[in-house]
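[1] Below: sequence and its predicted model.
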Amino acid sequence: MLKKFEVSNFKNFQKRICLDLSRVNNYPFNEDAIRNGILKTALIYGDNGSGKTNLGYALFDIILHLTDKQRHLTNYRLYKNLTSIEEYVDFLYVFSFEEGEVKYKYTKNAPQVLLEEELWINDNQILSYNYRTNKGMTKLSGTETLNTDLSEKNISFLKYVYHNTLLNEDNVENKLLKKFYNYVEHMLWFSSLEKNEYQGYWVGGENVGEGIIKRGKIEEFQNFLKGLGISYQLAAKEVEGEYRIFCQYDKNLVEFFRIASRGTCSLALFFYWLIRLEEVSLVFIDEFDAFYHNNLAVAVIEELKKLPHTQAILTTHNTDIMTNHLLRPDCYLQIRSDGIKSFADSTPKELRRVHNIQKMYNAGAFDE
């Protein structure tokens, strides 16, 4: 799982900002939002322009050079902070697995231009590369004869090592490296809007309705909507070689996405990814409830909490879902210019389940 993420000089983050998912309290409720002492489900609040969206872009910068998954480089046009005198952006990730921790640090001066890479496994540096001098080293078992000069290759050294070495899992380092790489390749970012815009996890485009039909989930989708109070009789129909979802009214068929509200279309997008999220390591959903009523937003979070191995980080402005009945004070985070803190870390007051944290938030109790 992702334990900690830090970035500096990226977009509006001139100073280093830290997302520490290991700052967990001993609350005896909503324990399904925590796994192995790390936040599994978190909501991030912040004013417009505070950096909620940019945090997602920064977090998923790692897929730009380590994977060949879907990416949107247009999201990274304005890369470095415009007011900073620093010439590079600095990233740090810490991942926690059963066998130990992996720490990955790198710097860039453009989305796909690495300057340095470093990797630690259980506090032992086992890989590094300097792209200015084209000098690197690796202590991984199986890389003893690997050429470490990438002067003629525009590729991440870690990616090069991983894909050009037989990494037998006969030692902890190789096993952890494989788990780390698998985690990164299964990270998913998507927006809450109707269009299927995503980064990571997969490659290619697919119509949302067709994706649901191809996976044989049309009836499950109908029941999903019904459970949220949205009743449709759905059917699949092929139109000009493409499968589409239709709503049946007596003998009439109307295309689902022509009559569904924006909120229902957004739910269709969420369901499309939900049926695949068991394979996802981390999902980041920006403005996840932009078109939802409160009960729909709560239902989405409850669905994510049911996934045993998928971390979920969601951004939102909706304070009406800010309740200890849904999550806990250490799962609600606030991003500001001076950093990211949970509600639990933003007040000296001992928070309990009976506290109305929405009322406290609106009164400025977490602005310290």
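    Looks like it arrived, so ask away.
[2] Which stretches in the stretch 1-150 of the chain count as strands?
    Applying DSSP state E, counting those that start in this stretch to the stretch 1-150 of the chain gives strands spanning 2-8, 17-20, 34-35, 38-39, 41-45, 89-97, 100-110, 113-121, 124-130, 135-138.
[3] Mean neighbour count and mean pLDDT for those - can I get that in CSV?
    Every C-beta, even on glycine, is put in place using the N, C-alpha and C of the backbone. As requested, those are exported to CSV (neighbours: other Cβ atoms under 10 Å; pLDDT from 0 to 100):
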stretch, mean neighbour count, mean pLDDT
strand 2-8, 20, 98
strand 17-20, 19, 97
strand 34-35, 18, 96
strand 38-39, 22, 98
strand 41-45, 22, 97
strand 89-97, 20, 98
strand 100-110, 19, 97
strand 113-121, 20, 97
strand 124-130, 18, 96
strand 135-138, 17, 93
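[4] just so I know, which of those lies nearest Tyr76?
    Closest of the strands of the stretch 1-150 of the chain to Tyr76 is strand 100-110, at 8.4 Å (criterion: Cβ to Cβ).
[5] What segments of the stretch 101-250 of the chain are helices?
    Assigned by DSSP state H, counting those that start in this stretch, the stretch 101-250 of the chain shows helices spanning 157-163, 172-185, 208-214, 218-227.
[6] nearest to Ser346, of those helices?
    Across these, Ser346 has its closest neighbour in helix 172-185 (29.0 Å, Cβ to Cβ).
[7] And for Trp202, the neighbour number?
    For Trp202, the neighbour count with other Cβ atoms under 10 Å is 17.
[8] again, but for Asn12
    For Asn12, the count of nearby residues is 16 (other Cβ under 10 Å).
[9] Now do the same contact list for it.
    Gly49, Gly51, Asn54, Asn81 (Cβ atoms under 8 Å, 6 or more residues apart in numbering).
[10] re earlier: how about the helices of the stretch 101-250 of the chain in a markdown table, adding mean neighbour count?
    Shown next, in a markdown table, are those (neighbours: other Cβ atoms under 10 Å):
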| stretch | mean neighbour count |
| --- | --- |
| helix 157-163 | 19 |
| helix 172-185 | 18 |
| helix 208-214 | 19 |
| helix 218-227 | 16 |
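[11] Same list (those helices) but as JSON lines, adding distance to Leu43.
    JSON lines is the format used below for the helices of the stretch 101-250 of the chain (distance: least, Cβ to Cβ, whole Å):
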{"stretch": "helix 157-163", "distance to Leu43": "32"}
{"stretch": "helix 172-185", "distance to Leu43": "22"}
{"stretch": "helix 208-214", "distance to Leu43": "24"}
{"stretch": "helix 218-227", "distance to Leu43": "22"}
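[12] Much appreciated, bye for now.
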